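**Student:** quick one: sequence and predicted model below, then my questions.
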Amino acid sequence: MTAPLMTPEDVTAHFTRASGDFTFARWGRPIVPVVFGVDDATLEIVKGAIEAVVSLAGHKMAETDPELGANLMVFFFRDWDELLGVPKLGEMIPDLDPLVARLKAGGATNYRAFRFDDQNAIQACFTFVCMQGAMVDQPAETIALTQAVQAILLWSDTAFATKSPLALLPEGQTILRPEIAGLIKAAYDPVLPVAADDASHALRIFARMQVHATSDTTPH
């Protein structure tokens with residue numbers, strides 16, 4: 001499947017926040033996921049999606065993180081208030097109570113909180129998925145792949161507001177959109193820094209996308 005062209009402006013937009021600030025970061029350490037609130041079958045789907053996206057990026061996974069144990073924590077639940085009862089979560093997520101109140105008021109279905117190391121690379125990601133409303137009707141594979149994609153980079157808060165990172169093939173199979181797969185792969189090119197706050201970085205990512213061209217490793 002040939003990746004549609006993505007312009008430098010498109011790349012820039014994926015890391016430009018609603019405030020107008022350009023912020024890019026990728027993981028600087030191997031990813032160690034742990035998933036809460038799902039059965040064994042769904043656990044395998046979620047971990048499989050994470051492994052596929054990490055492999056696409058050319059990044060690594062590990063059995064444990066020396067500082068945190070697990071550094072990609074994914075929580076599935078049916079009501080935002082459930083987070084307030086998770087032991088020690090308030091120690092990891094600052095101002096958890098007002099955050100939960102804000103997410104409830106906004107009708108949010110998912111949220112991510114990132115931590116960064118001294119190089120500004122992603123050190124940890126806490127992903128929260130509230131299984132309410134339309135989210136309940138989505139296939140587990142779709143939810144898992146969407147969350148894996150959104151945890152692999154520090155995207156703009158508006159990056160996927162109007163267009164999903166996934167695409168549905170005519171035969172009904174859901175895949176990562178090829179241009180997003182190409183962007184992820186380029187963003188992890190070792191010649192690029194792990195973090196940047198200047199929009200010129202998007203031009204460097206775009207250049208690496210041209211070098212990598214179309215990849216056959218789009219996860220699905």
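**Tutor:** That came through, no problem.

**Student:** can you give me the domain assignment for this structure?
**Tutor:** 1-25+157-220, 27-152 (automatic domain parsing).

**Student:** the last one - what's its average pLDDT?
**Tutor:** Think domain 27-152. What domain 27-152 shows for mean pLDDT is 95.

**Student:** what about the helices in this protein?
**Tutor:** In the chain, the helices defined using DSSP state H lie at 8-13, 40-57, 89-92, 96-105, 140-152, 178-187, 200-212.

**Student:** using PDB, list the CA coordinates for the third one.
**Tutor:** If I follow you right, that is helix 89-92. C-alpha atoms of helix 89-92 as PDB (Å, rounded to 0.1, in the frame of the first residue of the first chain):
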ATOM      1  CA  LEU A  89      -1.800   7.100  41.200                       C
ATOM      2  CA  GLY A  90      -2.100  10.500  42.700                       C
ATOM      3  CA  GLU A  91       1.600  10.400  43.500                       C
ATOM      4  CA  MET A  92       2.400   9.800  39.800                       C
END
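
**Student:** who does it touch, helix- and strand-wise?
**Tutor:** helix 96-105 (3 or more Cβ pairs under 8 Å, 6 or more residues apart in numbering; DSSP states H and E). In short, each C-beta sits where N, CA and C put it, glycine included.

**Student:** residues touching stretch 112-129, excluding its own?
**Tutor:** 25-29, 65, 67-68, 71-77, 80, 83, 92-93, 103, 109-111, 135, 143, 147, 150-151, 153-154, 194-195 (Cβ atoms under 8 Å, 6 or more residues apart in numbering).

**Student:** in that stretch, what's buried?
**Tutor:** Arg112, Asp117, Asn120, Ala121, Ile122, Gln123, Ala124, Cys125, Phe126, Thr127, Phe128, Val129 (16 or more other Cβ atoms under 10 Å).

**Student:** can you measure across it, start residue to end residue?
**Tutor:** Length of stretch 112-129, first residue to last, Cα to Cα, to the nearest Å: 9 Å.

**Student:** most distant residue from the centre of this structure?
**Tutor:** The centre of the chain is farthest from one residue, Glu171, which by Cα atoms, centre = their mean lies 25.8 Å away.

**Student:** now that residue: phi and psi?
**Tutor:** The phi/psi pair for Glu171 (degrees, to the nearest 10) reads phi -80, psi 0.

**Student:** and Ala134, what does it touch?
**Tutor:** Thr109.

**Student:** what angle separates the longest strand anywhere in the chain from helix 96-105?
**Tutor:** Using DSSP state E, we find that the single longest strand of the chain is strand 122-130. If you take axes from the mean of the first three to the mean of the last three Cα atoms, to 10 degrees, strand 122-130 sits at 50 degrees to helix 96-105.

**Student:** got the angle between strand 122-130 and helix 140-152?
**Tutor:** Orientation check (the same axes, to 10 degrees): strand 122-130 against helix 140-152 gives 150 degrees.

**Student:** what angle do strand 122-130 and helix 40-57 make?
**Tutor:** 140 degrees.

**Student:** circling back to that earlier point, what does the pLDDT read for the residue farthest from the centre of the chain?
**Tutor:** The model's pLDDT for Glu171 equals 84.
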